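**Student:** Have a look; sequence and predicted model below, questions after that.
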Amino acid sequence: MATAAVQTPTSALPVEPTTLFYYLEVKDGGIVQTYPGTAFEKRRKHVPHEVNIKDLRPIQSEFTLEKNGFELVKFPSKEKEFLDDDKVEKDWYPEVSDFIKQKTGASHVHVVSHMCRRHTFAQAQNDASEKPDSEPVTKNNPARFVHVDQSYRGAEQILYLNLPEEEADRRTKTRWGIMNIWMPINNTVKRDPLAFCDYKSLDERDLRTVVANLPPPGAGQYGNVSKNLSHKQRGEYSSNGDSAARYEVANLAHNPNQQWYYASDMTPEEAWLFKIFDSKKDGRARCAVHSSFPLKSQDENSGPPRESVEVRCFVFWDDDTVE
């Protein structure tokens, strides 16, 4: 007689104790504007909290995009090195678009940009230490603070910064969202893995908006995150002068109810698919707060860096209602 499989409860999952860095409230010296990719951002202060991050490997299929905001997927990409940006945009972007459409049932996917990280936290900090606040840091490290790439309002701002106005107007009349794919490059992840806060444990009142002022195009990888189209403004923060994009991002204040997860030993054949924004307000996950974190076994000052690529996409469902 067949027996049912025994599910591993989340309380029994392996745990990685670490420190996560949360938003520093304004009353305590925190900021409301930041400058991604600059020495200022690398020196920014956060609030450290000790957190136990659970390894979801034993029950990874139970975590889904719609329920939790993130999903571990098989994505054996044809692109392996990510050294030629023109080749990546020509060959890999269509692969990403087709994959997201297949996974989500979306009718259209527009790939915005991608970013590679090939340096350690210590290397980036050392680079920043010798530069003034406004100067770009060219050594791009894993982001080590809890965040969402855009706030809910910032999602609309960056949409209008990257699509023709008439298209953006049309796209926002049906369901739309922003999703990222994150994957390792070259090697299995042995340091600085990516962790996610389960949307079911998130109190959205703990989200804090910060205005991100991107550098001009060409000034490091962050200068290429947005096209910065100059048509109609969306919200008071949607333009940073004539040269660079400006929009809201979301940071997170600590709450002991937040539940964090990661996947041990991710390979380049795997990827995280996760939400930045979803227009639907029917109870499904609308975003995935995330951060890299140091494993207790890693040496901060030696060893090869974690190499990864992250791609950002607008996702549209033409046959579904906006909310």
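**Tutor:** Yep, that arrived. Just so we're clear, the structure is a prediction, and the values are computed from it rather than from any experiment.
**Student:** and stretch 86-96, which residues are buried?
**Tutor:** For stretch 86-96, the neighbour count (16 or more other Cβ atoms under 10 Å) marks V88, W92, Y93, E95, V96 as buried. All C-beta atoms are positioned from the backbone trio N, CA, C, and that covers glycine.
**Student:** Switch those residues over to JSON lines; also include distance to I185 and pLDDT.
**Tutor:** Formatted as JSON lines, these follow (distance: Cβ to Cβ, whole Å; pLDDT from 0 to 100):
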{"residue": "V88", "distance to I185": "11", "pLDDT": "97"}
{"residue": "W92", "distance to I185": "12", "pLDDT": "98"}
{"residue": "Y93", "distance to I185": "16", "pLDDT": "98"}
{"residue": "E95", "distance to I185": "15", "pLDDT": "98"}
{"residue": "V96", "distance to I185": "15", "pLDDT": "98"}
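**Student:** Closest one to G223 out of those, please.
**Tutor:** Nearest to G223 among the buried residues of stretch 86-96, counting by Cβ to Cβ, is V88 at 16.7 Å.
**Student:** wait, what's in contact with the closest one?
**Tutor:** E79, F82, H114 (Cβ atoms under 8 Å, 6 or more residues apart in numbering).
**Student:** all helices of the stretch 1-150 of the chain, in order?
**Tutor:** Counting by DSSP state H, counting those that start in this stretch, the stretch 1-150 of the chain has helices at residues 39-43, 65-68, 85-87, 93-104, 121-129.
**Student:** by contact count, what packs against the last one?
**Tutor:** The helices and strands touching helix 121-129, judged by 3 or more Cβ pairs under 8 Å, 6 or more residues apart in numbering; DSSP states H and E, are helix 39-43.
**Student:** What average pLDDT does the helix it packs on get?
**Tutor:** Across helix 39-43, pLDDT averages out at 95.
**Student:** Report the rounded mean pLDDT for stretch 243-261.
**Tutor:** Averaged over stretch 243-261, pLDDT sits at 94.
**Student:** Look at the spatially closest residue to D91 that is not a sequence neighbour and say how many residues are nearby.
**Tutor:** Spatial nearest neighbour of D91, chain neighbours left out: E79 (6.3 Å); criterion: Cβ to Cβ, 6 or more residues apart in numbering. Applying other Cβ atoms under 10 Å, we find 17 residues neighbouring E79.
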